[in-house]
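Asker: task: produce atomic coordinates for the following.
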Amino acid sequence: MIPWLEGGEPFPPLSSALLDPNGLLCAGADLSPRRLLDAYQHGIFPWYSSGEPILWWSPDPRMVLFPGEFRISRSLRRGLRSGRFAVKLDRDFEAVVRACAETPRRGQHGTWITREMQSAYRRLFELGFAHSVEVWLDGKLVGGLYGLAIGRMFYGESMFSCVTDASKVAAAHLVRFLEEESFGMIDCQMSTPHLASLGAREIPRTDFIERLRVLLAVAWQPGKWPTDGADQPWI
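Answerer: Model (predicted):
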């Protein structure tokens, strides 16, 4: 059994999270900005399907990407150099979240990005915590990602791609920006082959929390996000 949170009850200690399913910590509460920001700052995130109660997770190990370890394949480098894509940031956050929710994924039926979740992250966007990286081709949104920036920590939530390498182009531009702003880690939450191909790896939850505390202690003003992708050439 896992605890059920009511109102403003605090999250239980991470050590009480289940081993199977890995990281399930508790259920209940709400998706208010205050609750979500508290969760992320403690290494916890919501993940549940439509019709289920809100479920909160903190898996061990944790999948993360250190910006300096991002891998750029030859094909991705060619895509970045080609100039085919226009990369924008925070131009159409809602469209990115909606596309992440609606894009079919192999082996996955439905989406965890429910309407309730979309509304919750829209509020965080309005408060300057949530951000999107968008990849445009001939004026059409063809890929992107969204997540949260708190302190010098970025929490990746989801990405999508309608054309080859579009989501990877978004990730490459995100990493470049985060490196320039001295962000130390990107939380990828769960392990997937796609994330591993980009250089993400698993670390123990205790290590994740230690690094998280350090990065959250370094201030970074919410909302100070560029309007376009980096203009430097990709070499």
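
Asker: contacts and neighbour counts: CA atoms only from here.
Answerer: Fine.

Asker: just the helices in this structure please.
Answerer: According to DSSP state H, the chain carries its helices in the segments 33-41, 74-82, 93-102, 115-126, 166-180, 193-197, 205-216.

Asker: quick check: buried residues in the longest one?
Answerer: Residues 166-178 are the ones in helix 166-180 that count as buried (16 or more other CA atoms under 10 Å).

Asker: show me where pLDDT drops low in this protein?
Answerer: Low-confidence segments of the chain, defined by pLDDT under 70: 104-111, 221-235.

Asker: so which residue is smack in the middle of it?
Answerer: Gly156 (1.2 Å; CA atoms, centre = their mean).

Asker: wait, isn't that residue in contact with Gly147?
Answerer: Yes. With contact taken as CA atoms under 8 Å, Gly156 and Gly147 are classed as touching, separated by 4.4 Å.

Asker: in this structure, where's the longest strand?
Answerer: With DSSP state E applied, the strand covering the greatest number of residues in the chain is identified as strand 140-150.

Asker: and that one with helix 33-41, angle?
Answerer: In terms of direction (axes from the mean of the first three to the mean of the last three CA atoms, to 10 degrees), strand 140-150 departs from helix 33-41 by 80 degrees.

Asker: what does strand 140-150 contact?
Answerer: Counting by CA atoms under 8 Å, 6 or more residues apart in numbering, the neighbours of strand 140-150 from elsewhere in the structure are 41, 93, 96-97, 100, 129-136, 154-163, 166-167, 170-171, 216, 220, 222.

Asker: residues of it that come out buried?
Answerer: Taking 16+ other CA under 10 Å as the neighbour-count basis, strand 140-150 is seen to contain the buried residues Leu141, Val142, Gly143, Gly144, Leu145, Tyr146, Gly147, Leu148, Ala149, Ile150.

Asker: could you dump these into TSV with distance to His194 added?
Answerer: Converted to TSV, those look like this (distance: CA to CA, whole Å):
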residue	distance to His194
Leu141	21
Val142	18
Gly143	15
Gly144	14
Leu145	14
Tyr146	16
Gly147	17
Leu148	20
Ala149	22
Ile150	24
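
Asker: can you pick out the most distant pair from the buried residues of helix 166-180?
Answerer: Using CA to CA, the pair of these lying farthest apart is Ala166 and Leu178, separated by 18.6 Å.

Asker: any idea how this structure splits into domains?
Answerer: The record, using automatic domain parsing to delimit domains, assigns the chain the ranges 4-59, 63-216.
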